[in-house]
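>>> Here is my input; please provide its structure:
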Amino acid sequence: MFHHITVLKQEATEGLRIKPDGIYVDCTLGGAGHSSLIASQLSSKGRLIALDQDDWALNNAREVMKPYVDRITLVKTNFRDLEEVLRNEVKVDENGQPQVDGILFDLGVSSPQFDEGERGFSYNHDAPLDMRMDQSAELTAAKIVNEWPEQEIARILYEYGEEKFSRRIAKVIVERRAQGPIQTTGELVEMIKEGIPAAARRTGGHPAKRSFQAFRIAVNDELGAFKDALHQAVRCLAPGGRVSVITFHSLEDRICKQIFNSYIPKCTCPPDFPMCVCGGGQGELKLVNRKPLIPSAEEIESNPRARSAKLRIAEKL
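Take a look at the predicted model:
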């Protein structure tokens with residue numbers, strides 16, 4: 001069993017407006033904090049389907065969620081398979097579309113994945129260069145660092161890590177790997193530091209933080225999977241159903257905001273009309289909170305990793 005502090009636990013769950021006999025999906029089981037709270041509000045007729053690609057998370061959930069075993073289904077998969085999973089697990093409508101009452105995403109890596117050195121997620125532990133959430137996946141951070149072209153390494157550092165010294169870091173990595181394979185997180189941290197000017201290393205937290213985020217996102221195709229899954233979630237919501245999304249950095253939040261907005265009805269009436277007569281278009285969602293909810297000062301104090309979290313909630317029309 002592992003220790004993980006769930007971020008925005010009450011807010012994200014309350015945002016789903018749980019019905020005791022409803023069907024809900026936790027796309028990111030993790031430490032089972034949200035799943036446990038959802039399951040505790042369900043009757044024996046309700047159901048929670050929880051997804052995770054990490055065996056560690058699934059094994060932990062089997063223990064902590066024993067009181068709710070009659071109403072939960074655990075599925076080992078990436079959440080980009082959401083629609084396929086639901087077609088096998090719930091009733092479909094006349095169009096063959098699964099329909100559920102609420103879907104939750106809590107993005108980012110669980111605390112144990114960061115804290116346990118052997119997983120390779122942390123720049124504070126010397127470990128093999130892995131970073132896979134699904135240990136059966138082929139792509140590892142070692143493969144990216146040792147085999148991808150310099151230009152591609154620089155691209156992911158810049159796009160996924162928003163690292164302004166991406167080209168310098170990529171150049172150091174490629175020069176160093178010519179001398180032999182790069183195998184550990186400790187080696188990678190030293191190369192990242194070498195690629196960042198000394199003055200810049202002294203500000204903004206650990207110098208490897210942005211680069212490690214970038215490699216993790218690339219290894220697990222996190223942004224591509226999230227885009228696929230969020231579109232699927234909209235399709236799989238029953239009318240009145242809600243989706244709650246917790247993001248932890250600007251890239252995820254931007255994707256969530258853009259996808260939600262793409263489903264919101266757009267008024268096409270001339271601006272001088274006193275009221276809307278077009279019906280607002282054929283949108284599928286409405287925003288529950290126009291601005292994202294953020295953790296309280298108390299939550300941030302007790303769990304500093306919550307600092308960057310944002311919660312967006314939308315409802316199916």
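
>>> Where does the prediction get shaky in the stretch 1-150 of the chain?
1-4, 108-117 (pLDDT under 70).

>>> where along it do the strands fall?
For the stretch 1-150 of the chain, the strands defined by DSSP state E, counting those that start in this stretch cover 23-26, 47-52, 72-76, 100-106.

>>> Among those strands, which comes closest to residue 118?
Ranking the strands of the stretch 1-150 of the chain by proximity to residue 118 (C-beta to C-beta) places strand 47-52 first, at 18.5 Å. For every residue, glycine as well, the C-beta is placed using N, CA and C.

>>> what packs against the closest one?
Applying 3 or more C-beta pairs under 8 Å, 6 or more residues apart in numbering; DSSP states H and E, one finds that strand 47-52 contacts strand 23-26, helix 33-40, helix 55-64, strand 72-76, helix 82-89.

>>> so what strands line up beside it?
Take DSSP bridges as the rule and strand 47-52 pairs in its sheet with strand 23-26 (parallel), strand 72-76 (parallel).

>>> Report the distance from it to the chain centre.
Relative to the centre of its chain, strand 47-52 is centred 15 Å away, using C-alpha atoms, centre = their mean, to the nearest Å.

>>> what comes into contact with it?
By C-beta atoms under 8 Å, 6 or more residues apart in numbering, the surrounding residues in contact with strand 47-52 are 22-30, 32, 35, 38-39, 42, 58, 61, 68, 71-79, 81-82, 85-86, 89-90, 100.

>>> Could you rerun that using 7 Å?
23-30, 35, 38-39, 42, 58, 61, 71-77, 79, 85, 89 (C-beta atoms under 7 Å, 6 or more residues apart in numbering).

>>> residue ranges of the strands in the stretch 201-317 of the chain, please?
Counting by DSSP E, counting those that start in this stretch, the strands of the stretch 201-317 of the chain are 237-247, 285-287, 310-316.

>>> about what we covered before: can you select the buried ones among the contacts of strand 47-52 for me in PyMOL?
Per 16 or more other C-beta atoms under 10 Å, the buried members of the contacts of strand 47-52 correspond to this PyMOL selection:
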select buried, resi 23+24+25+26+27+28+29+30+35+38+39+42+58+61+71+72+74+75+79+85
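
>>> hang on, the earlier thing: of the helices and strands packed on strand 47-52, which is nearest residue 183?
helix 55-64 (22.8 Å).
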